[in-house]
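Participant: let's see this in three dimensions:
(2 chains)
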Number of protein chains: 2
Amino acid sequence: MNIPQSSFPRVVIIGGGFAGISLAKKLRKKEFQVVLLDKHNYHTFQPLLYQVSTGGLEPDSIAYPIRKVIHDYPNTYFRLAEVQQIDTDTNLIKTNIGELKFDYLVVATGSTTNYFGNKSIAENSMAMKSIPQSLNLRSLILENFEQALLTDDLHEREALMNFVIVGGGPTGVELAGALAEIKKGILPKDYPDLDTRRVQINLVQGADRILPAMSEIASKKAEDFLEGLGVNVWKKVRVTNYDGKLANTNTETSFRTATLVWAAGVKAVSLKGLDAEDFLCRGNRLRVNEFHQIKGFEHIFAIGDVAQMESETFPHGHPMMAQPALQQGDNLGDNLVRLSEGKPPKPFSYLDKGSMATIGRNKAVADLPKFKFQGVFAWFVWMFVHLYFLIGFRNRVVVFINWVYNYIKFDREARLIIRPYKKEIV
Amino acid sequence: MNIPQSSFPRVVIIGGGFAGISLAKKLRKKEFQVVLLDKHNYHTFQPLLYQVSTGGLEPDSIAYPIRKVIHDYPNTYFRLAEVQQIDTDTNLIKTNIGELKFDYLVVATGSTTNYFGNKSIAENSMAMKSIPQSLNLRSLILENFEQALLTDDLHEREALMNFVIVGGGPTGVELAGALAEIKKGILPKDYPDLDTRRVQINLVQGADRILPAMSEIASKKAEDFLEGLGVNVWKKVRVTNYDGKLANTNTETSFRTATLVWAAGVKAVSLKGLDAEDFLCRGNRLRVNEFHQIKGFEHIFAIGDVAQMESETFPHGHPMMAQPALQQGDNLGDNLVRLSEGKPPKPFSYLDKGSMATIGRNKAVADLPKFKFQGVFAWFVWMFVHLYFLIGFRNRVVVFINWVYNYIKFDREARLIIRPYKKEIV
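Facilitator: Now for the predicted structure:
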């Protein structure tokens, strides 16, 4: 892989998401050689992917070149690589671009869509975990409307204008809200010869409330907001099958739809060689101790979505979100430095800064540790927090300009079909 | 195609480029039904495609949804369609989404890359006439550098870092200049472990000067600028063959390169049914009279790159650029309205507003009708003119912000590999 020899121990980080980047940042200028591997050459700000899918933001403004992140990290190397296998006996990782020895290995591979073994859904639904997937969804939504214009078959036209979003977590809620705003603000102007009142947006949730990880009041208010926007919220309903045209559920309800977005589950991205049953928890997560170490290893760690650190407060590990990933990367970085200085590591403790979800303009819900609030103020806080955590000054400016423009004009201009909708490309 | 009947005559415009859009604009609110067809759902601002290829701008900011252009054109319909054939006997066009009758037909299909029948070049080179092509080129350039890191074979590494741009018109000159700036400003930071001094940028031009359509002083100065940036300019050299690794020329010079960009020729996009030898000139252009009419028809027109209106000043038709296209669309629109009012049409006369090309920061050349100037001022004028002609307020703001940022930071941040490089996708 052409990484030069170094007298410092080599830390290999697999994954340039929130966890991997925050770790690399901590180790810059320290006595380690850091090698960061990712299959993309950019870091993706996943919380805003739904705005790419719905034309609110350009993909480039929510992504950031990894090489630019590490510009002034003199000890850090990046390689565009897909990891194929870990050999824990010889401390070697095998990738599509060659092999690499490590002294410390950090698995920060994140998560991917979980279809829970349901083939029909895996094959026919859309996911939204990466930029190419989000662009595919954007293209499909737009192509559906172009298609709807052409058919005289009312059933077909309705199926093309019927959107089913499965999963009532933040992703599903935010996507449903954005689609409802498009229905109201853009479709009637873009498609005057189509009866866009017939557009249906359905949010299907298995549990008895949406945003189940948030407070009851947040769930309630989010549901009110969605219903105010005209979204049909289905609770205690699980989609069991989808053939590309008809989605069946565990109830009598079914949906004729050309677009089913699956946001109902994620699973960790596991690696060959670290996938023994011993390590794995539910959803492929790797069980780690309070120092992020994988069972049986002192020098192999997992952080972020892929790691499951069980505790009294979090018996199934921390939520698979940006905050725990950032904090874990930070803590592990500190511990590696302490280790190199002969000091004992500090156990990880998670500082819950709260969670938020936005539904539409002036409509968001926020559960902070000390306050819970909803509405305009929550929406402003949501925007501020997301701008703050975006990487890159240019990105922040461009996202801010777009938001101001979209707010004033009730518009979302990034609605180009720039890639043919192709399921296989992720 | 589900276009409603209308008591007004139907004008079908094929192509939403500069010519088609400017015509549609003229006919809005007039007594015509206008149907605009394009295979993309957006208008592309082609003069800035090279900035997409080189990471300076996001694709969304140089494109504009066609449906948004026609929002307040009550008589205008858009359909996403590929035209397959024209039947001039029955005034019918056949497309992939069905057939359509027309009263007036306007061909504004623009131009595409011309390989002059050279198969090896067509198969192995990159073109830059559309947004997907520009994104492909961006991905390929970035992937080359990732690849160059991995090889110990110096020849292979040099081929990966060797860029050959064929064609010394504005596209080739602007791309070469942008690559030279990337070599200087970005590559040393992004690839500290690669000897980026070895990056070679070659501009290969068949004629004895670059920018042959501009003044001698502009050509001379542009060449000085390019050489100052370290671009190798090869004049009187024609690439004759390229197998993906080695490019041969009509001289003893040859290039080992993984990236050959072909900007050495364009040809009009012809349509079945309007491709009789009678109509066609060199490069598939359709010969039209001073009223944009195709020979033998009163109601079938061609405008923009696809049209060749021969005159004393322009024996081979107007240059295939934005300005003639805009003016022709405008003039044809006026004439159709005059026709409907029973007035005689006015022959087209082209107002040459001059031409410009930019080479790099503070470096541009401009030939205006009354002045010729080069350098910083030309560069500012170039930016102003391009911002002015961009469609959409948001696009202008975002492009402006990016330019200011890139200027201050010597940077170009939109450098994501967001689609696998695939030749077949255009």
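
Participant: what parts of the stretch 101-250 of chain A come near chain B?
Facilitator: Contact residues, the stretch 101-250 of chain A versus chain B (Cβ under 8 Å from any Cβ of the partner chain): A:131-132, A:135, A:142-143, A:146, A:149-152, A:189-191, A:193. For the C-beta atoms, the positions are set from N, CA and C on the backbone; glycine is no exception.

Participant: now, of those residues, which are buried?
Facilitator: A:131-132, A:135, A:142-143, A:146, A:149-150, A:190-191 (16 or more other Cβ atoms under 10 Å in any protein chain shown).

Participant: quick one, what contacts the residue lying farthest from the centre of chain A?
Facilitator: Most distant residue from the mean C-alpha position of chain A: A:Asp152, 38.0 Å away (Cα atoms, centre = their mean). Neighbour list for A:Asp152: B:Asn2 [criterion: Cβ atoms under 8 Å, 6 or more residues apart in numbering or on different chains].

Participant: ok, A:Trp403 next?
Facilitator: A:56, A:383.

Participant: okay, and A:Phe301 sits in which element?
Facilitator: strand A:300-302 (DSSP states H and E).

Participant: who's in contact with that strand?
Facilitator: Residues contacting strand A:300-302 (Cβ under 8 Å, 6+ apart): A:88, A:104-108, A:274, A:286, A:288, A:291-294, A:307, A:332.

Participant: then stretch A:320-338?
Facilitator: With Cβ under 8 Å, 6+ apart, stretch A:320-338 has contacts from A:11, A:17-27, A:30, A:32, A:46-47, A:104, A:106, A:108, A:111, A:266, A:291-292, A:301, A:303-305, A:307, A:309, A:318, A:344-346, A:348, A:350-353, A:355, A:389.

Participant: take those and keep only those in helices.
Facilitator: Per DSSP state H, helices hold the following members of the contacts of stretch A:320-338: A:18-27, A:389.

Participant: picking up where we left off before, mind checking which of the buried ones among the residues of the stretch 101-250 of chain A next to chain B land in helices?
Facilitator: Per DSSP H, the subset of these in helices is A:131-132, A:135, A:142-143, A:146, A:190.

Participant: so what pLDDT did the residue most central in space within chain A get?
Facilitator: Residue closest to the average C-alpha location in chain A (Cα atoms, centre = their mean): A:Gln46, at 4.1 Å. Per-residue confidence at A:Gln46 stands at 96 (pLDDT).

Participant: kindly report the same for the one 4 residues further on.
Facilitator: The per-residue pLDDT reported for A:Tyr50 equals 97.

Participant: can you list the domains in chain A?
Facilitator: A:10-39+A:81-113+A:266-340, A:119-264+A:355-409 (automatic domain parsing).

Participant: make CSV out of those and add mean pLDDT and distance to B:Arg198.
Facilitator: Conversion of these to CSV gives the following (pLDDT from 0 to 100; distance: least, Cβ to Cβ, whole Å):
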stretch, mean pLDDT, distance to B:Arg198
domain A:10-39+A:81-113+A:266-340, 96, 21
domain A:119-264+A:355-409, 95, 29
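
Participant: got these as TSV, with distance to A:Pro4 columns?
Facilitator: Formatted as TSV, those follow (distance: least, Cβ to Cβ, whole Å):
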stretch	distance to A:Pro4
domain A:10-39+A:81-113+A:266-340	8
domain A:119-264+A:355-409	27
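
Participant: among the ones you listed, which is nearest B:Tyr242?
Facilitator: Proximity to B:Tyr242 (Cβ to Cβ) singles out domain A:10-39+A:81-113+A:266-340 among the domains of chain A, at 26.2 Å.

Participant: any idea how far apart the tips of the closest one sit?
Facilitator: 12 Å (Cα to Cα, to the nearest Å).
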